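the sequence and its predicted three-dimensional model are supplied below.
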Amino acid sequence: MKQKGFTLIELIIVIAIIGILAAIAIPNYINFQNSARNSGVKESLGAYRVALAMDYANTGDYPATLDALAAMSAADKTAANANFNPTGTPSYTKGTGTYSIVAGGWGGLSFTATPTGINP
């Protein structure tokens, strides 16, 4: 009499294949998530750059702090800060005719915004 079904070896092989596929897919999925989140970080830094450029055009100098940005509402600052990891608050340094904003990204990345652009 012939029995129907799978042998134990066949089941173990299928489980091993699924495990290998998961081991490949999960890190890639996490990288895609971090990449998408980091796009939000760059977008937020871009919003700060635009507001700083507007303030510079109006006053001839950059503000002392990001809180002093006249061109950006408190709600916009809160929305922009929501993208930064882990604290949600970027560090801002004002120089003579220049500035630097450093914000923590996802996956251990840090981004720096200056008047010339955003660098990862």
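Perfect, I can see it now.

which parts of this structure are helices?
8-59, 74-81 (DSSP state H).

can you give me the buried ones in the strand ranked longest in the chain?
Longest strand in the chain, counting residues (DSSP state E): strand 98-104. Neighbour counts over strand 98-104 (16 or more other C-beta atoms under 10 Å) mark Tyr99, Ile101, Ala103, Gly104 as buried. Every C-beta, even on glycine, is put in place using the N, C-alpha and C of the backbone.

go ahead and confirm the second one touches Ala113.
Translated: Ile101. Yes: in this structure Ile101 lies within contact range of Ala113 using C-beta atoms under 8 Å: 4.3 Å.

overlap of the contact sets of these two?
Common contacts of Ile101 and Ala113, defined by C-beta atoms under 8 Å, 6 or more residues apart in numbering, comprise Leu45, Tyr48, Arg49.

from Asp61, how far off is the residue sitting nearest the centre point of the chain?
Per C-alpha atoms, centre = their mean, the C-alpha nearest to the average position across the chain is that of Asn38, at 2.3 Å. Taking C-beta to C-beta, to the nearest Å as the measure, Asn38 falls 30 Å from Asp61.

with Lys2 instead?
Taken as C-beta to C-beta, the span from Lys2 to Asp61 is 88 Å.

ok, Asp55 - contacts?
Asp55 touches Tyr62, Pro63, Leu69, Ala70, Ala71, counting by C-beta under 8 Å, 6+ apart.
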